[in-house]
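**Q** Mind folding the following:
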Amino acid sequence: MTDTTTKTKTMSPSKLDRLEELLIRTNGASIAEMSEATGWQQHSVRGAMAGALKKRGLAITSEKSEGVRRYRASRAS
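**A** Residues are numbered from 1 along each chain as shown. Reported below is the predicted structural model:
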């Protein structure tokens, strides 16, 4: 009989976790950076920000600088 409590399962971060990590950085992330990190298309990244990440309690803001829109997230209060 095998004791399952002694086995440890390491889980890699989900794609939503990766997006969250990118957005929380000081510099935030562009849509292109998030698409590259997840393998998702741009519209899927935008949908994840508008839906799943907001449900996680993140407030997402964006700013356009030097022709590139960068998104940042912080915990909603």
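
**Q** three-state assignment of the residue nearest the centre of the chain?
**A** The centroid of the chain falls nearest to Leu19 when counting by C-alpha atoms, centre = their mean (1.4 Å). Under DSSP: H, G, I helix; E, B strand; the rest coil, the three-state class of Leu19 is helix.

**Q** residue contacts, it?
**A** 29, 34, 37-38, 45, 48-49, 53 (C-beta atoms under 8 Å, 6 or more residues apart in numbering). For every residue, glycine as well, the C-beta is placed using N, CA and C.

**Q** which residues in the chain form strands?
**A** For the chain, the strands defined by DSSP state E occupy 29-30, 58-65, 68-75.

**Q** Is there a neighbour count for Gly28? I'd like the number.
**A** Using other C-beta atoms under 10 Å, Gly28 has 20 neighbouring residues.

**Q** correct me, but it touches Ser74?
**A** No - Gly28 sits out of contact with Ser74 when judged by C-beta atoms under 8 Å, with a separation of 10.3 Å.

**Q** Was I right to think Glu21 contacts Gly28?
**A** No - in this structure Glu21 lies outside contact range of Gly28 using C-beta under 8 Å: 11.2 Å.

**Q** what bits of the protein have low per-residue confidence?
**A** Low-confidence segments of the chain (pLDDT under 70): 1-9, 77.

**Q** Which residues are in contact with the closest residue to Lys64 other than its chain neighbours?
**A** Nearest non-adjacent residue to Lys64, counting by C-beta to C-beta, 6 or more residues apart in numbering: Arg70, 7.7 Å away. Residues in contact with Arg70, defined by C-beta under 8 Å, 6+ apart, are 27-30, 62-64.

**Q** Show me which of these are buried.
**A** 28-30 (16 or more other C-beta atoms under 10 Å).

**Q** all helices of the chain, in order?
**A** Counting by DSSP state H, the chain has helices at residues 15-24, 31-38, 42-50, 52-55.
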